[in-house]
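A.B. asks: A structural model of the following input is requested.
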Amino acid sequence: MDAAIAQVNARIDASLKTAGDAALAKAGLTPTKAIRGLWQRFAELADRPEKIRELVESRDVLASAERSKQERKLSLAQEGSAIVLRSLAERGVVVPEGFEELSYEELREQVLLERLRERGLDA
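C.D. replies: So this is what the prediction gives:
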């Protein structure tokens with residue numbers, strides 16, 4: 001089984017090569033294994049050139065990943081808030097205007113005051 005072999009030559013900054021080689025060695029990889037893996041991934045993404053660009057432009061990928069992470073957290077927070085509001089409404093609790101905009105500390109204070117009122121200790 002004779003496979004044709006091709007050689008890849010690239011010019012990169014010497015300090016980048018040194019740092020990259022060290023990182024690959026730490027991961028138990030050689031530059032050849034890393035390049036094969038990268039080319040394999042490119043081949044898999046042949047019909048999605050935008051994904052290839054994202055992989056190559058790593059700073060954009062990191063920024064995009066961080067942005068996605070933040071968007072997911074915000075979405076979960078909004079979803080949680082909506083669940084709380086629906087739950088309160090189902091139980092007949094009147095939700096004050098701007099309730100969903102309260103900080104944790106303000107919300108905690110509101111809950112404690114409500115407990116005092118329920119016990120008749122709000123005087």
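A.B. asks: What ranges in the chain fall below the confidence cut-off?
C.D. replies: Along the chain, segments meeting pLDDT under 70 span 1-2, 58-64, 99-100, 123.
A.B. asks: name the helices or strands packed onto the longest helix seen in the chain?
C.D. replies: Counting residues, the longest helix found in the chain (DSSP state H) is helix 58-90. Packing partners of helix 58-90 (3 or more CB pairs under 8 Å, 6 or more residues apart in numbering; DSSP states H and E): helix 49-56. For every residue, glycine as well, the C-beta is placed using N, CA and C.
A.B. asks: What would the helix it packs on look like as CSV? C-alpha coordinates only.
C.D. replies: Presented in CSV, the C-alpha positions along helix 49-56 are these (Å, rounded to 0.1, in the frame of the first residue of the first chain):
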residue,chain,number,x,y,z
PRO,A,49,-15.1,27.8,3.8
GLU,A,50,-16.2,30.2,6.5
LYS,A,51,-15.4,27.5,9.1
ILE,A,52,-11.9,27.1,7.7
ARG,A,53,-11.4,30.9,7.9
GLU,A,54,-12.5,30.8,11.5
LEU,A,55,-10.0,28.0,12.3
VAL,A,56,-7.2,29.9,10.6
